[in-house]
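A.B. asks: Give me a 3D structure for the following:
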Amino acid sequence: MEMASGLNASFSPSFASSSKPNIHIKKTFNIASTFSRKSFFAHTLYSSLNSKIANLNVNSRNHVANSIKCSISEATELTTEKRSQLQRRSDIRNIAIVAHVDHGKTTLVDAMLKQAKVFRDNQFVQERIMDSNDLERERGITILSKNTSINFKGTKINIIDTPGHSDFGGEVERILNMVEGVILVVDSVEGPMPQTRFVLKKALEFGHAVVVVINKIDRSSARPEFVINSTFELFIELNATDEQCDFQVIYASGIKGQAGLSSDNLADDLGPLFETIVRCIPGPRIDRDGDLQMLATNIEYDEHKGRIAIGRVHAGTLRKGLDVRVCTTGDVCRFAKVSELFVYEKFYRVPAEVVEAGDICAVCGINDIQIGETIADKVSGKPLPAIKVEEPTVKMSFSINTSPFVGREGKYVTSRNLRDRLFKELEKNLAMKVEDGETSDTFIVSGRGTLHITILIENMRREGYEFMVGPPKVINKTVDGKVLEPYEIATVEVPEAHMGSVVELLGQRRGLMFDMQANGSEGTNLLKYKIPTRGLLGLRNAILTASRGTAILNTVFDSYGSWAGDMSTRDQGSLVAFEDGTTTTHALTGSQERGQLFVGPGTDVYKGQIVGIHQRPGDLSLNVCKKKAATNVRSNKEVSVVLDTPLEYSLDDCIEYIQEDELVEVTPASIRMCKNPKAAKKTR
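C.D. replies: Predicted coordinates:
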């Protein structure tokens, strides 16, 4: 391994000489020179050093690690230790793995756990170990943050795997209270994406150290130089300090379990990544002899142990059986007792008698504890600052099931069951809000996006609840008499052949393009839009149709802006069942000429149920239960009937499809759509 590789890995962008000028490098060069003369001088110095010692070989990886000075940890030590007399704990590192969705966080954590010998050699280990929830494994995304830990050369590394989807940004914001540094995973082809910007912004606001991991470096279309330059530009845009801009870069292949300080010289394992974490992420700053303080950052539930509070001990020592005070930001406090105490070792929770400041632990025995409350000293304990998360942007109405099929499949069907379950969700989901609706059996649920609320609906459905939900609506604000609506940054990756139809679709929804560039893959472009959240409702299916299933859409909340005007999100009406009954082949044969159907023969339907998509604007009532008349006339030739395959809409598809006067009926066994009878009465 060459010393040049190590030096080159620890400075921000790559200014490698080339016969052709690199537009991204030039852009970064100009921004860096205007932002930070100190950073520019450091980068130039590193480049000159690389050219002088390029042929110097170093056989020992430890020597390389010791010779690289990590500007992050040193700068943090100098600036913070002067401000506070708190001690640094050197035997622990608390880190969060953050990234955009599908950039490989969970796969990288899998490799870290396997190489740290967390599992036995003969133990069967499935892929994406941290995605333990059934819904997470089905959808292939991380929904809830997970804790684990590994040991590397005497240092305990607490690792928190966080969600990558923007709708679960509240999870990321909470978790950042527990750590001192983040591992920012960036795809070697796509580069920084909308959620990358969001999580990095939050990490920089907390003052955390950041180590950038360029993942999937083994892809044939990898472009590490472009990704590093783009990431550096993102640091500048987010007003990072000079020290934070000098981030450490690690190149990795999570699926192969390899990492290195150079893109073309990976080690056989993740050793360079572990060494970088210990070197560049500072240990927790603690008050070892102070009064006990622990902020409850996450809540889990166990059938035998009850509520389990998870968080980091900020000061003092927490012991099993200790009497404590539970405080909020106000003066309201109550007393409790710690019945059991756990720390995270490898992939499991291990009982502990004592947890010192700086470590992450799980506390049992406080059955009414909430996220954001502080477990403090019984006599002189004081609360820590409360956790703050961004406000919701989308709301949906939840109501009891009023269809003729109510009670057939669900276990919990009353408004009391629905109310209790929704308010129980607020205990662990800080980014969500629940309010009473216009009637006693209606509730308004607000979240960070449609997926955020859809996950709740799916979980409730699997728990046996039966209810109805209305279409998603954006949450507007009124400032100085002007109506403001939420805007989001939408990134669309689409092949060039379908770019025209996608651009036209986004334009119809008031989207404003501000960037377009080739994405590295052959014939694929990356479009960036600022678009009202209203325009994103129902967009995912429409954009897949326009691109024949090839486009990839990612969004993240940006800001509130002026009202963009009226827009139409659906051009076609619905096919509605005319009466109650069971669908027949004879009736469906004629009905399918009117549009695309959701139901096949032999399906029970009720009056007002949506059974298909009309091929024209406006709704059309159909009799899909009509039976063929039995006469004594016999045909000389049998007529073969061919029915089209009915459309199968998932829960997400149904919620995207429905309009203002429509509802989705959710039961443990079925998902149906219907017209809202209350909306029909209002229009008369």
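A.B. asks: What residues of stretch 272-288 count as buried?
C.D. replies: For stretch 272-288, the neighbour count (16 or more other CB atoms under 10 Å) marks 272-287 as buried. The C-beta positions use only the backbone N, C-alpha and C, and glycine is treated the same way.
A.B. asks: what does stretch 421-428 give?
C.D. replies: Of all the residues in stretch 421-428, those buried under the rule 16+ other CB under 10 Å are 421-422, 428.
A.B. asks: can you count the residues close to residue 669?
C.D. replies: Using other CB atoms under 10 Å, residue 669 has 9 other residues around it.
A.B. asks: I figured it was touching residue 409, is that so?
C.D. replies: Yes - checked against CB atoms under 8 Å, the pair residue 669 and residue 409 is within contact range at 4.3 Å.
A.B. asks: Residues in contact with both of these two, list them for me.
C.D. replies: Taking CB atoms under 8 Å, 6 or more residues apart in numbering as the contact criterion, residue 669 and residue 409 have no common neighbours.
A.B. asks: returning to what we had before: could you tell me which of the buried residues of stretch 272-288 belong to helices?
C.D. replies: The subset of those located in helices under the criterion DSSP state H comprises 272-280.
A.B. asks: how about the helices of the stretch 51-200 of the chain, start to end?
C.D. replies: Secondary structure of the stretch 51-200 of the chain (DSSP state H, counting those that start in this stretch): helices located at 61-67, 71-83, 105-115, 134-139, 169-175, 194-206.
A.B. asks: Kindly report which one of those helices carries the lowest mean pLDDT.
C.D. replies: Of all the helices of the stretch 51-200 of the chain, the segment with the smallest mean pLDDT is helix 61-67, scoring a mean of 36.
A.B. asks: Under the pLDDT cut-off, which ranges of the protein? List them.
C.D. replies: Along the chain, the model assigns pLDDT under 70 to residues 1-85, 117-145, 164-170, 330-331, 347, 520-522, 630-640, 680-684.
A.B. asks: Given the longest strand belonging to it, what are its sheet partners and their directions?
C.D. replies: The longest strand of the chain (DSSP state E) is strand 482-495. Each strand that pairs with strand 482-495, with its direction, by DSSP bridges: strand 477-479 (antiparallel), strand 524-532 (antiparallel), strand 552-562 (antiparallel).
A.B. asks: Highest mean neighbour count out of these?
C.D. replies: Among these, the stretch with the highest mean neighbour count (mean count of other CB atoms under 10 Å) is strand 524-532, at a mean of 20.
A.B. asks: what's that strand in contact with?
C.D. replies: Taking CB under 8 Å, 6+ apart as the criterion, the residues outside strand 524-532 that touch it are 190, 474, 485-496, 499, 502-503, 506, 509-519, 558, 561, 564, 567.
A.B. asks: Show me the strands in the stretch 401-550 of the chain, by range?
C.D. replies: 433-436, 442-447, 467-469, 473-474, 477-479, 482-495, 512-518, 524-532 (DSSP state E, counting those that start in this stretch).
A.B. asks: Need the contact partners of the first one.
C.D. replies: Applying CB under 8 Å, 6+ apart, the set of residues contacting strand 433-436 from outside is 392, 422-423, 425-426, 442-447.
A.B. asks: try 7 Å this time
C.D. replies: Under the criterion CB atoms under 7 Å, 6 or more residues apart in numbering, residues 392, 422-423, 426, 443-446 lie in contact with strand 433-436.
A.B. asks: Serialize the residues you listed to CSV and add fields for distance to residue 91.
C.D. replies: Below are the contacts of strand 433-436 laid out as CSV (distance: CB to CB, whole Å):
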residue, distance to residue 91
392, 40
422, 43
423, 42
426, 37
443, 48
444, 48
445, 44
446, 43
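A.B. asks: of all those residues, which two lie farthest apart?
C.D. replies: 392 and 423 (15.6 Å; CB to CB).
A.B. asks: now, the most widely separated pair of the buried residues of stretch 272-288?
C.D. replies: With distance counted by CB to CB, no two of these lie farther apart than 272 and 287, which are 33.3 Å apart.
A.B. asks: mind listing what's buried in stretch 405-425?
C.D. replies: Per 16+ other CB under 10 Å, stretch 405-425 contains these buried residues: 405-406, 410, 412-413, 415, 417-419, 421-422.
A.B. asks: do stretch 657-673 as well
C.D. replies: For stretch 657-673, a neighbour-count test (16+ other CB under 10 Å) marks 657-659, 661-667, 671-673 as buried.
A.B. asks: for stretch 502-514, same thing?
C.D. replies: Buried, per 16+ other CB under 10 Å, within stretch 502-514: 502-503, 505-506, 509-511.
A.B. asks: and if you look at stretch 87-95?
C.D. replies: Within stretch 87-95, the residues that qualify as buried by neighbour count (16+ other CB under 10 Å) are 87-89, 92-95.
A.B. asks: Compute the distance from the centre of it to the centre of its chain.
C.D. replies: Computed by CA atoms, centre = their mean, to the nearest Å, the chain-centroid distance of stretch 87-95 equals 27 Å.
A.B. asks: Same question for stretch 248-267.
C.D. replies: A distance of 25 Å separates the C-alpha centroid of stretch 248-267 from that of its chain, computed with CA atoms, centre = their mean.
A.B. asks: please renumber so the chain begins at 18
C.D. replies: With the count now opening at 18, the last piece we talked about shows up as stretch 265-284.
A.B. asks: and that stretch, how far apart are its ends?
C.D. replies: Its start and end residues considered, stretch 265-284 measures 17 Å (CA to CA, to the nearest Å).
A.B. asks: what do you get for stretch 660-680?
C.D. replies: End-to-end distance of stretch 660-680 (CA to CA): 27 Å.
A.B. asks: what do you get for stretch 360-371?
C.D. replies: Stretch 360-371 stretches 9 Å from its first residue to its last (CA to CA).
A.B. asks: Ok, stretch 366-377 next?
C.D. replies: Counting by CA to CA: the opening and closing residues of stretch 366-377 are 11 Å apart.
A.B. asks: same check, this time on stretch 410-426
C.D. replies: In stretch 410-426, first residue to last residue: 32 Å (CA to CA).
A.B. asks: Mind listing residues that contact that stretch?
C.D. replies: Surrounding stretch 410-426, the residues in contact under the criterion CB under 7 Å, 6+ apart are 430-432, 435, 439, 454, 458-467, 470, 483-487, 489-492, 503, 550, 574, 597, 623, 682, 684-687, 691.
A.B. asks: Then stretch 630-639?
C.D. replies: By CB under 7 Å, 6+ apart, the list of residues contacting stretch 630-639 from outside reads 588-595, 608, 611-613, 628.
A.B. asks: Would you point out the most distant pair within these?
C.D. replies: Across the contacts of stretch 630-639, the two members that end up farthest from each other (CB to CB) are 588 and 595, 23.4 Å apart.
A.B. asks: neighbour count winner among those two?
C.D. replies: Of the pair residue 588 and residue 595, residue 595 is the one with more neighbours under other CB under 10 Å, namely 18 against 9.
A.B. asks: who touches that one in this structure?
C.D. replies: With contact set as CB under 7 Å, 6+ apart, residue 595 has these partners: 624, 638-640.
A.B. asks: And the helices in the stretch 318-467 of the chain?
C.D. replies: Along the stretch 318-467 of the chain, counting by DSSP H, counting those that start in this stretch, helices occupy 432-442, 467-479.
A.B. asks: Dump those into TSV; add distance to residue 328 as well.
C.D. replies: Below are the helices of the stretch 318-467 of the chain laid out as TSV (distance: least, CB to CB, whole Å):
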stretch	distance to residue 328
helix 432-442	20
helix 467-479	23
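A.B. asks: I'd like to know which of those helices is closest to residue 365.
C.D. replies: Go through the helices of the stretch 318-467 of the chain one by one with CB to CB and the one that ends up closest to residue 365 is helix 467-479, at 24.6 Å.
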